[in-house]
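# below are the sequence and a predicted model; questions follow.
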Amino acid sequence: MRTDFDYIVIGGGSGGYAAARTARESWDHVAIIDGSENLGGLCILRGCMPSKTLIYSAEVLHLAKKGADFGLDIPQAAADMAKLHQRKIDVIREFAEYREGQLKSDRFTLFRKRAKFVDGHTIELDDGTRLTAKHFMIATGSTVSVPPIQGLKQAPFWTSDDILDLDFIPQKIIVLGGGIVACELAQFLRRIGSEVIQIQRSPHILKETSAQAAACVEAAFRGEGIQLYTDTALQNVSHEGQQFTVAFQHAGESITVEAPYLLNALGREAASKGLGLEAAGVETRRNGKIRCNELQQTSAPHIYASGDVAGPHEIVHIAILQAELAAKHASGRPTEPIDYDQLLGVVFTDPQIGSVGLSEAQLKERGIDYLSADYPFDDHGKSILMEAKHGYVKVFAERTTGTVIGAECVSKDAGELIHAMAVAVTLKASVRDLLKVHWYHPTLSEIWSYPLEDIADEM
């Protein structure tokens, strides 16, 4: 058995596989270390794919329940959780089996173990085997975090993993958190029939988005019956018998809520513990993320890190881009740092939020002279006939050149619509360039032409 490699990847998720695949283009001897129960990584097994499978089923159910709004008589629509659960398993199995086949191919040496560094060029597997390499990639992802809230650590709360494996409808549930995972799953639970109480500590949900975007989603949530509290101070979590109790401060009042189920969706933390990073000279930040430069090199230059364990964004396509960049750099190929000013983000609530490039807050912080314009979906033909009137589109452009430097979309299918502006931001297109596009009527996409026209008129 070979124990010396050109490149060793710790972690077999999307980022880890991307690093290994890219490294294999330059080297013959590439190893992957993954001691998790199942191969595939967070995105395939417990993140992107299972959650979006379930969220889409809940969206179809929601539309069926609104049949009367479309002139349809649909006598009954309900979630069959056994079938919903099985469909998710069937969908994910296909993705997972494909990834497992890639990892187990003869292109790589796969070790189904956990590993820790014993020095800068040596790792030890949990069976005592030692492996050496010239270069390493750490792509171990993240785990659910438990903030220091009294009683939370001791409580038998659910995580997103538990929600994604549900085969019954919880009658009532408290959701702690207002980030992407918390919001997507809170709406999913409400749509399948659960009574949902959601508690967010920040002034608005989805704090990484604009307050304007968050307000649209908050209005939709409350309209669907989610009992949503924002700008709170969580004080205590307790569990007795079959009941959870959460105490918090809100608007100057002490509030207590109860439910038989509790989802802790207060965030994730880097899975950097137990890797022996100190022995390899790899530094971490106070939040546990591995400190990297713009080429994903750690404080030990031959060791790289990517994805959730490194940051700054917990997004699968960023993990892949970082991993590919790192493997190319390690092998001496030409590389360029990732331009996070082109960052693309999507939140799969309904309405969805899509954003790309610089936000308005970033533009103001940097002192960039810009023009902006927006347009609401409640005055747009296609969205009106679809009963999808929540939200708006907004475009940001440099004042002198008209170059599009950012955009925001809150709407049905915003995750699809935002890609038109992602192309513009990436290619540095101007608003006048985009107005040459044939924006077909009636489509959701043609709404982009209205703020583009407004900015062009103002230049």
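Good, I have the coordinates. Residues are numbered from 1 along each chain as shown.

# these two touch, right, S210 and K364?
No. Using C-beta atoms under 8 Å, S210 makes no contact with K364, being 11.6 Å away. All C-beta spots, glycine's among them, are computed from the backbone N, C-alpha and C.

# which parts of the longest helix along the chain are buried?
Secondary structure of the chain per DSSP state H: the longest helix is helix 81-103. Judged by neighbour count (16 or more other C-beta atoms under 10 Å), helix 81-103 contains these buried residues: 84-85, 88, 91-92, 95-96, 99-100, 102-103.

# ok, now stretch 229-241?
Buried-residue list, stretch 229-241, by 16+ other C-beta under 10 Å: 229-230, 232, 234, 237-239.

# from the residues you listed, pick the one nearest I405.
For the buried residues of stretch 229-241, the residue nearest I405 by C-beta to C-beta is T230; the value is 29.6 Å.

# which one is that closest one nearest to, not counting chain neighbours?
Of all residues not flanking T230 in the chain, Q200 sits nearest, at 4.7 Å (C-beta to C-beta, 6 or more residues apart in numbering).

# try T143
A271 (5.1 Å).

# picking that back up, could you export the buried residues of helix 81-103 as a markdown table, including pLDDT?
A markdown table is the format used below for the buried residues of helix 81-103 (pLDDT from 0 to 100):
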| residue | pLDDT |
| --- | --- |
| L84 | 95 |
| H85 | 94 |
| K88 | 94 |
| V91 | 93 |
| I92 | 92 |
| F95 | 89 |
| A96 | 90 |
| R99 | 91 |
| E100 | 89 |
| Q102 | 90 |
| L103 | 90 |
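
# nearest to E25 among those?
Nearest to E25 among these, with distances taken as C-beta to C-beta, is Q102, at 14.4 Å.

# so what's the closest residue to the closest one other than its chain neighbours up against?
Using C-beta to C-beta, 6+ apart and skipping residues adjacent in sequence, the residue nearest Q102 is Y17, 6.3 Å away. By C-beta atoms under 8 Å, 6 or more residues apart in numbering, Y17 lies in contact with 9, 32, 41, 99, 102-103.

# ok, Y17 to T140 distance?
13 Å (C-beta to C-beta, to the nearest Å).

# kindly report the same for Q76.
46 Å.

# among these two, which residue is more densely surrounded?
Set Q76 next to T140 and count neighbours by other C-beta atoms under 10 Å: T140 wins out with 30 against 6.

# the helices in the chain, which residues?
Going by DSSP H, the chain shows helices at 14-24, 41-46, 48-65, 81-103, 160-164, 180-192, 211-224, 277-280, 316-330, 360-366, 381-385, 414-427, 431-434, 449-458.

# now do the last one against helix 414-427, angle only.
It refers to helix 449-458. Here helix 449-458 points in a direction 30 degrees away from that of helix 414-427 (axes from the mean of the first three to the mean of the last three C-alpha atoms, to 10 degrees).
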